[in-house]
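> with the sequence up front, the predicted model follows.
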Number of protein chains: 2
Amino acid sequence: MTGPGSKAGVNRQVMVVRRAKGVPTPDCFQIVDSPVPQCPAGGVLLETLCAAVDPAMRGWLSEERNYMTVSDGEVMRAHGVGRVVESQDERWVPGDLAYGWLGWQRYAAVASSALLWPVDETVAPAPVWLSVLGLNGLTAWIGLNLLGRPVRGETIVVSAAAGGVGGLVGQLAAHRGLRAVGIAGGASKTELARTRLGFHAAVDYKAAAGDLGRELTRLLPDGVDIFFDNTAGPIADAVFPVLNGGARIVQCGTVAVPDWTTLPTGPRRERDILVKRLSWHGLVVFDHMARFEEAFADLKDLYRSGVLTARHDVLPGLDMAPGALGRLYDGTNNGRLMIDVGL
Amino acid sequence: MTGPGSKAGVNRQVMVVRRAKGVPTPDCFQIVDSPVPQCPAGGVLLETLCAAVDPAMRGWLSEERNYMTVSDGEVMRAHGVGRVVESQDERWVPGDLAYGWLGWQRYAAVASSALLWPVDETVAPAPVWLSVLGLNGLTAWIGLNLLGRPVRGETIVVSAAAGGVGGLVGQLAAHRGLRAVGIAGGASKTELARTRLGFHAAVDYKAAAGDLGRELTRLLPDGVDIFFDNTAGPIADAVFPVLNGGARIVQCGTVAVPDWTTLPTGPRRERDILVKRLSWHGLVVFDHMARFEEAFADLKDLYRSGVLTARHDVLPGLDMAPGALGRLYDGTNNGRLMIDVGL
């Protein structure tokens, strides 16, 4: 990370220039250099240190209806951690670190409502505020505790187990006394899940291929009580047959299905939902802001005490941003993907 | 209904003789006449007055895994209302009416645990205890109130709106201040839904055919907050696009999909569940027995005050039983289907 004042006078920004059908490709973005903006009236000017690359961004750029969107010609929306350069809001002074909607840009001139909370580097360094102490951590905590409703001794299966959210769900679940089984792609990710991310066992869906269902049946003779699903698609299809009666499904992501513009087909779920009395919930973490403070306090404790460890996959510089989303979907990222904006 | 002692000496029973793939056909059953059984030690002998015909029975006879099953060679399991003929349990005396697992048979010799609750004819006649004051009523009440979590002013869509459960959901929803829209098959059922079952509007899915989705969009410009689904399949597929963010789906039945032995395919739901933060729950009423007393008290009040009306479709005699389940799936039944066992 660079300090304030470096590369002075240039604000590199990643603009959205077209919608994506499926996973956004580099040509959906354009890198533009412009002068450093003024601090907006009543707002804050920050220098971005690191910025998130999130699966949710696919939805923001989609031609389809979504809960949030980014328009063509706008700077790509993203969470980030930044250092305050100038402030017209008395709650922020130069040098403060803040977490919020900074976007994929070196300098963010924002209304203070875009800043969600202060970042305290004595608790954890800036990148951790994009993972364990950021939306990934909140998503994992809220999905597991509020929608998953875990009971000690139950079994949870997590897809994309080595991903930014999945890896935290594994660690939180193990700490809560659950048996956690992860599904990930490739030997290194499954090993990471087993050795570092709290999972008691992990299945390589690429190696298992068509036998994933059989492999899960073998690993899970007592079935599954919570399915924390980051992938949807064929991986999820393999989990449904091993769900127990009363199981909870937390739908956190759909990364295994690259295109929803034409609704893909899959096995009908109504009968399973009825006969097994399943509860299937969509998780968008901002629906649960009332619980953020409680979640945050717990996440900070768990990070400080070493229960939760952060796994980061850091891309060096904004020039990497246009191709970054593809890495979430081709399986090459490892841990929480982010951009070191200062480089 | 006949009184005790009629057709003395003959116990007509409908036995299960083979499993069904899909909707049970008459050849799954065999009618057997045998002598009236003895009252079992510590149990009760009843003469059945009326017995239920339920969509759930398809699952009990299925070759597939289910939450409950009936084996070949057993009397078909069914709820019914019967009059106590003889009792070795001090809680029941001859002449009492009881609701419970009596089966498709004229005389039921049962352990007293098979009797779920007493029937009070001063509150309502016996058949009403199979509809408004039976499992249909409890299912509608629990599905709507506990899983649907309705808020006055919201909109609910109910499939199989003229069916035994759907018609009660419409009436309960209207009474709770919801706008209720029903989906049913044919002009007479949609008219029944509109004029008698509480629905503000009803759509004939047969007449709409491929335009059901467009028709629902037209009727529901403000979308749908609760979907009480008795059908699954293409009817449910037409409702998904009009679901609002945060909508609750209560999966109560799957009558529009006649065969689940090979899992049918349909549109994938993961993206809708995530983006619209849906909650999709399977409803099996026996999971909620802790709330039966409260539900019952409310249903009795609503029946007595005329808020809830009963719609019955009564088959005359056990000889009609083997073909009865087909009527639930071919759309010919109207209201709560049951058998008048005394005939």
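Cool, the structure landed. The shown structure was predicted, so the numbers you read here are calculated from the model rather than taken from an experiment. Numbering: from 1, shown residues only, chains lettered A, B, ... in the order given.

> report pLDDT for residue A:304.
We have a pLDDT of 94 for residue A:304.

> surely it and residue A:123 touch.
Yes - assessed by CB atoms under 8 Å, residue A:304 is found in contact with residue A:123 at 7.0 Å. Glycine gets a C-beta too; all of them are placed from N, C-alpha and C.

> for the most centrally placed residue in chain A, which non-adjacent residue is closest in space?
Centroid-nearest residue in chain A: residue A:136, 4.7 Å away (criterion: CA atoms, centre = their mean). Nearest residue to residue A:136 in three dimensions, chain neighbours excluded: residue A:164, at 4.5 Å (CB to CB, 6 or more residues apart in numbering or on different chains).

> which SS state does that neighbour fall under?
With DSSP: H, G, I helix; E, B strand; the rest coil as the basis, residue A:164 sits in coil.

> wait, it touches residue A:132, no?
No - if you go by CB under 8 Å, residue A:164 and residue A:132 don't touch, sitting 9.8 Å apart.

> so between those two, which is more surrounded?
residue A:164 (33 against 28; other CB atoms under 10 Å in any protein chain shown).

> gap between the more buried one and chain B?
As for residue A:164, its distance to chain B is 16 Å (criterion: CB to the nearest CB, to the nearest Å).

> now do residue A:19
Distance from residue A:19 to chain B, by CB to the nearest CB: 16 Å.

> ok, now which ones touch the closest residue to that residue other than its chain neighbours?
The shortest distance from residue A:19 to any non-neighbouring residue, by CB to CB, 6+ apart, is to residue A:63 (4.7 Å). By CB atoms under 8 Å, 6 or more residues apart in numbering or on different chains, the contact set of residue A:63 is A:19-21, A:261.

> follow-up on the earlier one: quick one: contacts for the residue nearest to the centre of chain A?
Taking CB under 8 Å, 6+ apart, we find residue A:136 in contact with A:130, A:164-165, A:168, A:336.

> before we move on, what about residue A:315?
Residue A:315 makes contact with A:53, A:321, A:324, A:337-340, according to CB under 8 Å, 6+ apart.

> which residues in the stretch 151-300 of chain A form strands?
Using DSSP state E, counting those that start in this stretch, the strands assigned to the stretch 151-300 of chain A run over residues A:155-159, A:179-184, A:201-204, A:224-229, A:243-251, A:265-267, A:279-282.

> sorry, slip of the keys, the one I care about is the stretch 1-150 of chain A.
In the stretch 1-150 of chain A, the strands defined using DSSP E, counting those that start in this stretch lie at A:11-16, A:29-34, A:44-52, A:79-87, A:97-101, A:107-110, A:115-118.

> one step back: filter the contacts of residue A:315 down to the buried ones and hand me the PyMOL line.
The PyMOL command for the buried members of the contacts of residue A:315 (criterion: 16 or more other CB atoms under 10 Å in any protein chain shown) is given here:
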select buried, chain A and resi 53+321+324+337+338+339+340
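
> and the gap between the residue lying closest to residue A:100 once chain neighbours are set aside and residue A:128?
Sequence neighbours aside, residue A:115 is the residue nearest to residue A:100 in space, at 3.9 Å (criterion: CB to CB, 6+ apart). Going from residue A:115 to residue A:128 by CB to CB, to the nearest Å gives 18 Å.

> the more surrounded of these two?
More neighbours surround residue A:115 than the other of residue A:115 and residue A:128, with 25 against 22 (other CB under 10 Å).

> measure the more buried one to residue A:80 for me?
From residue A:115 to residue A:80 the distance is 11 Å (CB to CB).

> over to residue A:335?
Going from residue A:335 to residue A:80 by CB to CB gives 17 Å.

> adjacent strands (with direction) for whichever strand or helix holds residue A:313?
Using DSSP states H and E, residue A:313 sits in strand A:312-316. Each strand paired with strand A:312-316, and its direction, by DSSP bridges: strand A:336-340 (parallel).

> what is the nearest of the contacts of residue A:136 to residue B:142?
residue A:165 (33.5 Å; CB to CB).

> show me what contacts the closest one?
By CB under 8 Å, 6+ apart, the neighbours of residue A:165 are A:136, A:139-140, A:143, A:230, A:252-253.

> circling back: how about the strands of the stretch 1-150 of chain A in CSV, adding mean pLDDT and distance to residue B:39?
Shown next, in CSV, are these (pLDDT from 0 to 100; distance: least, CB to CB, whole Å):
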stretch, mean pLDDT, distance to residue B:39
strand A:11-16, 96, 78
strand A:29-34, 96, 81
strand A:44-52, 97, 72
strand A:79-87, 97, 72
strand A:97-101, 96, 74
strand A:107-110, 97, 81
strand A:115-118, 94, 71
